[in-house]
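Colleague: the following comprises the amino acid sequence and a computationally predicted model.
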Amino acid sequence: MEIELHEITIRDLVAGYTDDGEGGVRGYGTKLDIRPPYQREFVYKEKQRDAVIETVHKSFPLNVMYWADCDDGRFEVIDGQQRTISICEYVEGNFSIQGMAFHNLQEDARARVLNYPLQVYVCQGTPTEKLDWFKTINIAGAQLTDQELRNALYHGSWLADAKRWFSRSNAPAELLAGKLITGAANRQAHLETAIKWHKAPDETIEEYMGAHQHDPTATALWSHFQAVADRAMALFPKYRSEMKGVDWGGLYLRMQDDSLDPAKLEKRVAELMEDDSVTRRKGIYPYILTGEVRHLNIRAFTPAMRRAAYERQKGVCPRCPKDASPHDLDGMEADHKTPWSEGGKTEAGNCQMLCKHCNRRKSNN
């Protein structure tokens, strides 16, 4: 991987500067994607923005910036987006400092600003090398999300189209399934979720993006996302906040079962929502579709219940051979006599102590 330090003057940076709103922000003769289409919005507060310009006026050094070489003559800002936009907006005359806009400055003052050298590290290498480097600078303070880092590596026609569906507030994905997915669209959380739902189980997000990087559109990704969201909402039409953040993509194959009855599912959801033994109510939906009790994190017996059962049994495990010796309390674990899945409650009367060996061998939990 090659990482080179370049000095880029503000004059060169602002050349060809355009802000097309959701279409993205460009500069450096239109070769630099300062904010690619449908990425997070500029968030600097006025005080921070002004501090950048005052630093330039005083000829003090700004922190270094990081660009990725996209291998096609273009670059993308990885760290320094907000500083870059502050500088460009100022030179464009879109705000003033202490009542003085850029065009109000004397000619020599304007020249000092335009000739100010910015320190820019440009990274060129394989996607894996770039990702490692981006993660390193992110620790130092860039604070990009994992998906924002991936987007910098797999820039292309597929990603540009995917952002149209997933990467801005009130984008189609948020309007369709905002109640089912977590995270901020403009921090690429919704795009990341969509990829997780669509990729193969043994495929990484990076592998998926690499395979589709040069596809002309992301229609397949959007179509699958729609299908998953539509099916989830059809099976569970009564919305509950616990539906948000469920891995609906991972459950999609289970949801294809034509025998699933929304009315019966709703009845079971309501029952489980009222069950005090269920401590992870978000897990109700995957439990209903898979039958795996682990999703529910069933409430454990209290220490008092465990101790009472131990004393009642005198340390004897009911599943061990009759001539087995009693166990210490630390060598036993609490278990439901009648399994929770068969209606057993997490209460003192349904508590028994099994030795750890026997408890591990149980088939019905």
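Modeller: That came through, no problem.

Colleague: strands of this protein, residue ranges please.
Modeller: 2-9, 18-19, 25-27, 32-35, 65-69, 75-79, 117-124, 332-336, 351-355 (DSSP state E).

Colleague: nearest to E46, of those?
Modeller: strand 18-19 (17.4 Å; CB to CB). Just so you know, the C-beta spots here come from the backbone N, C-alpha and C atoms, and that holds for glycine as well.

Colleague: before we move on, back to that, adding mean pLDDT, write the strands of the chain out as TSV.
Modeller: Shown next, in TSV, are these (pLDDT from 0 to 100):
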stretch	mean pLDDT
strand 2-9	93
strand 18-19	92
strand 25-27	93
strand 32-35	88
strand 65-69	90
strand 75-79	86
strand 117-124	93
strand 332-336	94
strand 351-355	96
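
Colleague: could I get these as JSON lines with distance to A229?
Modeller: Shown next, in JSON lines, are the strands of the chain (distance: least, CB to CB, whole Å):
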{"stretch": "strand 2-9", "distance to A229": "41"}
{"stretch": "strand 18-19", "distance to A229": "32"}
{"stretch": "strand 25-27", "distance to A229": "30"}
{"stretch": "strand 32-35", "distance to A229": "28"}
{"stretch": "strand 65-69", "distance to A229": "32"}
{"stretch": "strand 75-79", "distance to A229": "30"}
{"stretch": "strand 117-124", "distance to A229": "36"}
{"stretch": "strand 332-336", "distance to A229": "36"}
{"stretch": "strand 351-355", "distance to A229": "42"}
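
Colleague: now for the ones you listed, which one comes closest to E192?
Modeller: Using CB to CB, the strands of the chain put strand 75-79 closest to E192, at 17.5 Å.

Colleague: chain center to that closest one: distance?
Modeller: 20 Å (CA atoms, centre = their mean, to the nearest Å).

Colleague: quick one: closest of the strands of the chain to C320.
Modeller: Per CB to CB, nearest to C320 of the strands of the chain: strand 351-355, 6.0 Å.

Colleague: go ahead and flag the most central residue of this protein.
Modeller: Geometric centre of the chain, nearest residue: A189, 4.0 Å, by CA atoms, centre = their mean.

Colleague: quick one: low-confidence parts of the stretch 251-365 of the chain?
Modeller: 363-365 (pLDDT under 70).

Colleague: and the helices in it?
Modeller: 252-255, 262-273, 284-290, 303-313, 356-361 (DSSP state H, counting those that start in this stretch).

Colleague: looking at the ones you listed, which is buried most?
Modeller: Highest mean neighbour count of the helices of the stretch 251-365 of the chain: helix 284-290, a mean of 21 (counted as mean count of other CB atoms under 10 Å).

Colleague: mind listing residues that contact that helix?
Modeller: The contact list for helix 284-290 (CB atoms under 8 Å, 6 or more residues apart in numbering) reads 236, 242-243, 246-247, 250-251, 254-255, 265, 268-269, 272-273, 278, 292-293, 295-296.

Colleague: rewinding a little: from A211, how far off is the residue nearest to the centre of the chain?
Modeller: The spacing between A189 and A211, counted by CB to CB, to the nearest Å, is 22 Å.

Colleague: count the neighbours of T30 for me.
Modeller: Applying other CB atoms under 10 Å, we find 12 residues neighbouring T30.

Colleague: go on, D330?
Modeller: Other residues close to D330 by other CB under 10 Å number 7.

Colleague: equivalent analysis for D108, please.
Modeller: 7.

Colleague: my guess is L118 meets L62, correct?
Modeller: Yes. The pair L118 / L62 is scored as a contact, 6.6 Å apart, by CB atoms under 8 Å.

Colleague: more crowded one of those two?
Modeller: Between L118 and L62, L118 has the larger neighbour count (other CB under 10 Å), namely 21 against 18.

Colleague: report the buried residues of stretch 114-130.
Modeller: For stretch 114-130, burial by neighbour count (16 or more other CB atoms under 10 Å) applies to L114, Y116, L118, V120, Y121, V122, C123, Q124, G125, K130.

Colleague: hey, what's D335 bridged with?
Modeller: Counting by DSSP bridges, D335 is bridged to Q352.

Colleague: which parts of the chain belong to which domain?
Modeller: 2-155, 157-263, 303-361 (automatic domain parsing).

Colleague: and the shortest one, how far out from the chain middle?
Modeller: Going back to what we said before, that points to domain 303-361. The answer for domain 303-361 is 41 Å, by CA atoms, centre = their mean.
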